[in-house]
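1. can't give you the sequence, but here's the structure:
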């Protein structure tokens, strides 16, 4: 079922419901800059989490030389993991999973900080089109888009989410 006609807010609610059983004393929630970071910060507020992490893929991207530090992802938040990664159960949060290259880069960044006990991935939208053998452990919805199309999460001034589709 393609729920892109649903709002980003509804999919955020589906994501919260879908990953709630992962909550635990050793679970650390980490948002991938920038859409995933917005999700993590909102989750921190909604669930009353003590701390969340933010992780950037910019320094480990395989297209860093062509994108450089001027890319949109490089301008987002820097990695901030205010907990010990070693032995932690990490849940990575992102808005859209597409080729898998961002996830590969984020995993490299994460392991620079330590060796987690486990890593799971939760996303709002899995749009297929993988170039690497990576998948989400939870996706609020799946969508089929052509390679020319893109969908990104945006955050409104009031903190609510919306989708921008091109």
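-> Looks like it arrived, so ask away. Nothing here was measured: the structure is a model prediction, and the numbers come from that model.

2. contact partners of stretch 148-166?
-> 4, 7-9, 12, 35, 38-39, 42, 95-96, 124-125, 127, 143, 145 (C-beta atoms under 8 Å, 6 or more residues apart in numbering). Where you see a C-beta, it was placed from the backbone N, CA and C, and this is true even at glycine.

3. Next, the buried residues of it.
-> By 16 or more other C-beta atoms under 10 Å, the buried positions in stretch 148-166 come out as 151, 153, 155, 161, 163.

4. And it, end to end?
-> Across stretch 148-166, the terminal residues are separated by 8 Å (C-alpha to C-alpha, to the nearest Å).

5. try stretch 141-160
-> 18 Å.

6. Name the nearest of the contacts of stretch 148-166 relative to residue 27.
-> residue 39 (15.1 Å; C-beta to C-beta).

7. Residue 31 is in contact with that closest one, correct?
-> Yes. Using C-beta atoms under 8 Å, residue 39 is in contact with residue 31, at 5.6 Å.

8. Which residues are in contact with each of these two?
-> Contacts common to residue 39 and residue 31, judged by C-beta under 8 Å, 6+ apart, are 93-94.

9. Just the ones of the contacts of stretch 148-166 in strands?
-> Among these, DSSP state E puts 95-96, 124-125 in strands.

10. Only whichever of the residues you listed are buried, select them in ChimeraX.
-> Here is the ChimeraX command that picks out the buried ones among the ones in strands among the contacts of stretch 148-166, judged by 16+ other C-beta under 10 Å:
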select :95,96,124,125
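
11. Quick check: bridge partners of the nearest residue to residue 22 once chain neighbours are set aside?
-> Ranked by C-beta to C-beta, 6 or more residues apart in numbering and with sequence neighbours excluded, the top spatial neighbour of residue 22 is residue 91, at 5.7 Å. Using DSSP bridges, the bridge partners assigned to residue 91 are residue 29, residue 120.

12. Residue 91 reaches residue 122, doesn't it?
-> Yes. Using C-beta under 8 Å, residue 91 makes contact with residue 122 at a distance of 6.0 Å.

13. Any idea how far apart the tips of stretch 122-138 sit?
-> 5 Å.

14. So the residue nearest to the spatial centre of the chain versus residue 53, what's the distance?
-> Closest residue to the average C-alpha location of the chain: residue 94 at 1.5 Å, with C-alpha atoms, centre = their mean. From residue 94 across to residue 53, the span is 13 Å (C-beta to C-beta, to the nearest Å).

15. overlap in contacts of these two?
-> Common contacts of residue 94 and residue 53 (C-beta under 8 Å, 6+ apart): residue 31.
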